[in-house]
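[1] Mind looking at a prediction? Sequence and model below.
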Amino acid sequence: MDDTAFVEEAMKRIHSHRGVRGTVVVNGDGIPIRTTLDRDEANQYAALASQLTSRARRAVKNLAAGAASEVEDELQVVRVRSKKHEVIILPDFDKNREFMLIVIQDPSAHQPLFSEKLAG
Amino acid sequence: MLADIRPNEEHAKKFVVRTPMCTSVQVGQQMSEHEVNTNPVVLINRGVLHTEGGWPKEIDCTEIEQVIRYRKRQEKDEHYIRAVVALCASAEEVIKENNAIDIYEQYWEGETEEYATEAPTAHSLTQLLDPSPSRRGTQYMCWHPDGSRRVAVAYSTLEFQRQVESGPSDSYVWDLGSPAQPEATLSATSPLISLNFNPKDPQVLGGGQINGQFVVFDMRRGSADVDATPIEKSHRGPVHDFAWLQSETGTEAMTVSSDGRVLWWDTRRLGEPRDELALAEWGVASGALSGAVSLDYSPAAGPTKFLVGTEPGSVLLCNREAETPADRIGASYSGHHGPVYGLARSPFYPNFFVSCGDWTARVWNEDLHTPLITTAYHTAHITSVHWSPTRPSVFFSARADGMLDAWDYYLNSQTAPALSMQVADCALTSLRVHENGGLIAVGCADGTTSVLQLSSSLVDLQPGETAATLAMLERELAREKILEKAQKEDKVRARKTSPAVVAPDEPHEVPTAAAEAETTADSSDDIAQLEKEFSESTI
């Protein structure tokens, strides 16, 4: 029971940051396990992000193979910046049981711009 | 020892040290291939709709209880807990980074306004090919009014004795995102030669047919036309141009045709024309009508005013709501030696308009019966002309030898186009500029429509351009007015000196306020002063 409390705590911390609009935890099958978004939106994010991540991971692996380095490379994070949001995708590839955390953040929401700071 | 060659001191003195230099020598013949023919690639769009999946076999994802139970089980998994806690920690870092500084911030936005220095260019974005097998020309195009990258294209053959009765009469609406296939088909009963989106309801299109009928399409209701004017009350010639009128309902339209009539319609009741105007010209015996080939209707100039370009080569300024029926054709501007195929009012200064006919394009003012600016005579006919919607001093003209010209009166000269580009090997028939100014659609006689992307120097408004262009046009207007006055005075003087000879009246001379103005003192002084001003302003 203690362990699930850790998850709750970590999630709470994430949501306490400015501009965080929602989170989705997706398992290796692309199923949203835990989310703060509504069902359709969570499915949409889960489906698109898992496809994107698997492709990005393959790209990273191929690049590492091309560079002939000793250490195997691994994808760490995918950050997709759009006009409205930043979608942060953090994959965890451990054995065969993958998990993925998607955070949707609105970075401009509370941020004073440089020009505004100057004016202020 | 066979020989003893001593060093020659004389030769040693002549030795010159050469500074290092590089040369290269190519022995083989240089060869390169410039052209390549490829088969057109046919692309088809397919979509997949994926809603929900990936669930284990034994779980039905529509059963909420099963889903919740499955998620609960997953959340209790030890690996899940470890992974999520670790991921949350690294996610936090990224979030903090984002909140600390906006790395995509634009720092010097809108600070400096500078003149465009790059040479104007245009590059071909895409080509839309007529999907029907017969050879038809692109007659008319219209961009989607809401600014999206969609264009409606009317295809037909207007050449003498080449029209086929049973030929295809479909026209299409294209989306530039998928140029392989048209987005919608408009099946008219007779080929279309004009086509416009209704600005109030972009799903509705109006079309002018070659047989004189005006038809209405609704893209929501299939490809066939939803309504058409009765053939006995329609035009007796091809509907060369038409315009949707500015009205509350957005259902009114006016059509012009080579039969010399202008008809007004309301699409709610197409049984009968609302109004009619016969295009009888000044000084021409009554009954002889001038066929219309082009029309310009700009609400900015007045919701009832419009310009018509005629086959004899004059432009008629008409007003639907004139006080007397005779005044409905207000003024006539002659100068072209052939049909006026293109006509466009300036979007910035509604009193000025550009026309094209014969081999020239001309810029006019409503108050004056001679053109302000005439381009040089080209070797090929000019078939279409349009202003740039974003730069007041730029207009585009299409030529019958496949060249597209961009004229820039502000950054470039009046005598030569800023950009001449060979768009096709065949004649260009029409052109339309997208409302954001960056895209231009050019129709060719072989049925292709090329979409060009213009460089930013032809699109972005330059500092001080709006005022400077207006000043330039008004200077030309003043100059033309003074010249006209001087000519009149000369004529009066000639009449006085030789009263026996009666000068015949010029057929196109129409009294206007400008011409009627009191002939004041020496107009040659005015010209001298004006030329001085001109030379000062050009320095």
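    Here it is on my side, so go on. Treat the numbers as computed from the prediction; the structure is a model and nothing was measured.
[2] drop to CA atoms for contacts and neighbour counts, all remaining ones
    Noted.
[3] The chain: helices as residue ranges?
    Since no chain was named, I'll use chain A. Using DSSP state H, the helices of chain A run over residues A:2-15, A:39-67, A:114-119.
[4] Can you look at chain B instead?
    Using DSSP H, helices in chain B cover B:9-14, B:64-76, B:78-100, B:465-497, B:513-516, B:523-538.
[5] could the helices of chain A go into JSON lines alongside mean pLDDT?
    Output for those, formatted as JSON lines (pLDDT from 0 to 100):
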{"stretch": "helix A:2-15", "mean pLDDT": "84"}
{"stretch": "helix A:39-67", "mean pLDDT": "86"}
{"stretch": "helix A:114-119", "mean pLDDT": "64"}
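[6] now B:Q127: how far from B:G137?
    To B:G137, B:Q127 is 14 Å away according to Cα to Cα, to the nearest Å.
[7] Would you mind listing what in the stretch 301-450 of chain B touches chain A?
    Taking Cα under 8 Å from any Cα of the partner chain, no part of the stretch 301-450 of chain B reaches chain A.
[8] Around B:I64, how many other residues sit close by?
    Per other Cα atoms under 10 Å in any protein chain shown, the neighbour tally for B:I64 reads 10.
[9] mean pLDDT lowest for which of the helices of chain B?
    Among the helices of chain B, helix B:513-516 has the lowest mean pLDDT, at a mean of 42.
[10] picking that back up, now the helices of chain A in CSV, with distance to B:S156 and mean neighbour count?
    Output for these, formatted as CSV (distance: least, Cα to Cα, whole Å; neighbours: other Cα atoms under 10 Å in any protein chain shown):
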stretch, distance to B:S156, mean neighbour count
helix A:2-15, 62, 15
helix A:39-67, 45, 16
helix A:114-119, 56, 10
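[11] Indicate which one of these is closest to B:R320.
    Relative to B:R320, the nearest member of the helices of chain A by Cα to Cα is helix A:114-119, separated by 53.4 Å.
[12] Identify the residues contacting the residue of the stretch 151-300 of chain B found nearest chain A.
    Proximity of the stretch 151-300 of chain B to chain A (Cα to the nearest Cα) peaks at B:G177, 20.5 Å away. B:G177 makes contact with B:R149, according to Cα atoms under 8 Å, 6 or more residues apart in numbering or on different chains.
[13] 10 Å - rerun?
    Neighbouring residues of B:G177 by Cα atoms under 10 Å, 6 or more residues apart in numbering or on different chains: B:T126, B:R149, B:R150, B:E183.
[14] Pull the contacting residues for the closest residue to chain A within the stretch 301-450 of chain B.
    Residue of the stretch 301-450 of chain B nearest chain A, by Cα to the nearest Cα: B:N436 (20.6 Å). Applying Cα under 10 Å, 6+ apart to B:N436 gives the contacts B:G147, B:S148, B:S388, B:P389, B:T390, B:V459, B:D460.
[15] pLDDT score for B:F160?
    In the prediction, the pLDDT value recorded for B:F160 is 68.
[16] same thing with B:T520?
    With respect to pLDDT, B:T520 scores 45.
[17] quick revisit: out of the contacts of B:N436, which end up buried?
    For the contacts of B:N436, a burial check counting by 16 or more other Cα atoms under 10 Å in any protein chain shown picks out B:S388, B:P389, B:T390, B:V459.
[18] Tell me the one of those nearest B:V17?
    Nearest member of those to B:V17, counting by Cα to Cα, is B:V459, at 57.5 Å.
[19] Phi, psi for the closest one please.
    phi -110, psi -50 (degrees, to the nearest 10).
[20] Who are the contact partners of it?
    Here B:V459 is in contact with B:A116, B:P120, B:S388, B:P389, B:T390, B:R391, B:V394, B:N436, B:G437, B:G438, B:L439, B:Q453 (Cα under 10 Å, 6+ apart).
[21] Just send those residues back as JSON lines, with distance to B:G208 and pLDDT too.
    Shown next, in JSON lines, are the contacts of B:V459 (distance: Cα to Cα, whole Å; pLDDT from 0 to 100):
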{"residue": "B:A116", "distance to B:G208": "41", "pLDDT": "71"}
{"residue": "B:P120", "distance to B:G208": "35", "pLDDT": "84"}
{"residue": "B:S388", "distance to B:G208": "25", "pLDDT": "89"}
{"residue": "B:P389", "distance to B:G208": "25", "pLDDT": "89"}
{"residue": "B:T390", "distance to B:G208": "29", "pLDDT": "88"}
{"residue": "B:R391", "distance to B:G208": "30", "pLDDT": "87"}
{"residue": "B:V394", "distance to B:G208": "29", "pLDDT": "89"}
{"residue": "B:N436", "distance to B:G208": "26", "pLDDT": "85"}
{"residue": "B:G437", "distance to B:G208": "26", "pLDDT": "81"}
{"residue": "B:G438", "distance to B:G208": "28", "pLDDT": "85"}
{"residue": "B:L439", "distance to B:G208": "25", "pLDDT": "89"}
{"residue": "B:Q453", "distance to B:G208": "29", "pLDDT": "90"}
